[in-house]
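> sequence and predicted structure, then a few things I'm wondering about:
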Amino acid sequence: MDYRTALVTGASKGIGAAIVESLVAEGLTVYALARSNDALLALRERLGPQIKPIATDVRDGQAIMSALGTAEIDVLVNNAGGLATVRPLHEQSAEETAEVVELNLTAPLQLIRLLLPGMIARKRGHIFTLTSTAASGIFAGTTAYGAAKAGLSQAGRILRFDLAGTGVRLTEIAPGRVETDFYLKAFDGDREDLRKRMYCEQRPLRPADIAAALVSALRMPDHVDIAELTIAPSEQAAGGQKYPPPPLR
């Protein structure tokens, strides 16, 4: 492939780390972005000098661009996100709602905005947005998260019109349930409870499954863009129905 350099957000663990590993195997230099410098250094120790750690918050576009310097980013993987709580919107604080939107919608859009001019000028680039089946399915207690991911999904559809003919591709990957620590904070840090409630009865996806799909899209000939890709466990069908009794008056 013609791509040489990638930026992966949320790179220190889970899906992000699996994507970083897969891109390194493809011969790319990968700028790995996450908040934990120790985790990034451990990743570089494991995968080698092709890893360039950037320890900062994904919402700090100025710090990210400063760390990249003159690097020409061919592949942007907007993987970082967050879900602090799983409960109805009216039970969340204003700060929790704002953070979810910032992490899952505003930050990825800002990174796309910052990196697109270089990709367009070089006539070479591929942007990946990691959304979720929560962007189109119904999952109780995820109003802000689902709305943010749906917004990112729609942004991708509009961007494809803006980017047609530029040589820059955009792929949305919408995973279903993946066994990671993503929900750990929402489960108050109780890893065993998370495992029992979400990953025991049905077979979840693994981070490597998402990374394999991303690399497959990246390897396609440059006249082919896999625009939207939903990856779900065989035992998961997103959404559902709820018919509670009416309130007593």
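Good, I have the coordinates. This one's a predicted model, so the numbers in the text were calculated from it and none came from an experiment. Numbering: from 1, shown residues only.
> okay, CA-based contacts and neighbour counts for the rest of this
Noted.
> and the helices in this structure?
For the chain, the helices defined by DSSP state H cover 14-25, 37-47, 61-68, 94-101, 107-122, 143-163, 191-198, 207-219.
> highest mean neighbour count out of those?
helix 14-25 (a mean of 22; mean count of other CA atoms under 10 Å).
> in this structure, which helix or strand is least confident?
helix 191-198 (a mean of 65; mean pLDDT, DSSP states H and E).
> coming back round to it: mean pLDDT for the helices of the chain: which is lowest?
Ranked by mean pLDDT, the helices of the chain bottom out at helix 191-198, with a mean of 65.
> any idea how far residue 16 is from the residue nearest the centre of the chain?
Nearest residue to the geometric centre of the chain (CA atoms, centre = their mean): residue 79, 2.2 Å. Between residue 79 and residue 16 the distance is 6 Å, computed by CA to CA, to the nearest Å.
> which residues are in contact with each of the two?
Common neighbours of residue 79 and residue 16 (criterion: CA atoms under 8 Å, 6 or more residues apart in numbering): 8, 9, 10.
> most neighbours among the residues you listed, which one is it?
Of all these, the most densely surrounded is residue 9 (27 neighbours; neighbours counted as other CA atoms under 10 Å).
> state the mean pLDDT of the longest strand seen in the chain.
Using DSSP state E, we find that the single longest strand of the chain is strand 168-175. Averaged across strand 168-175, pLDDT comes to 97.
> what about it, distance to the chain center?
10 Å (CA atoms, centre = their mean, to the nearest Å).
> ok, back up a step: out of the helices of the chain, which gets nearest to residue 128?
Residue 128 lies closest, by CA to CA, to one member of the helices of the chain: helix 207-219, at 7.9 Å.
> list the helices and strands that closest one packs on?
helix 14-25, strand 168-175 (3 or more CA pairs under 8 Å, 6 or more residues apart in numbering; DSSP states H and E).
> hmm, who's touching it?
Against helix 207-219 from outside (CA under 8 Å, 6+ apart): 1, 14-16, 18-19, 22-23, 126, 128, 171, 173, 175, 178-180, 225-226, 231.
> now stretch 140-160
With CA under 8 Å, 6+ apart as the criterion, stretch 140-160 contacts 83, 85-89, 97, 100-101, 104-105, 109, 129, 131-132, 134-136, 169-172.
> ok, back up a step: and the helices of the chain: which comes nearest residue 235?
helix 191-198 (12.2 Å).
> and of the shared contacts of residue 79 and residue 16, the nearest to residue 27?
residue 8 (14.7 Å).
> pLDDT score for that closest one?
98.
> who are the neighbours in contact with the nearest residue to it once chain neighbours are set aside?
Closest residue in space to residue 8, ignoring its immediate chain neighbours: residue 77 at 4.7 Å, by CA to CA, 6 or more residues apart in numbering. Residues near residue 77 by CA under 8 Å, 6+ apart: 6, 7, 8, 9, 127, 128, 129, 130.
> same question for residue 128.
Contacts for residue 128 (CA under 8 Å, 6+ apart) come out as 75, 76, 77, 78, 170, 171, 172, 173, 214.
> do that again at 7 Å, thanks
By CA atoms under 7 Å, 6 or more residues apart in numbering, the contact set of residue 128 is 76, 77, 78, 170, 171, 172.
> got the contact list for the residue lying closest to residue 163 once chain neighbours are set aside?
Closest residue to residue 163 apart from its sequence neighbours, by CA to CA, 6+ apart: residue 169 at 7.5 Å. Listed by CA under 7 Å, 6+ apart, the contact partners of residue 169 are 125, 126, 127, 225.
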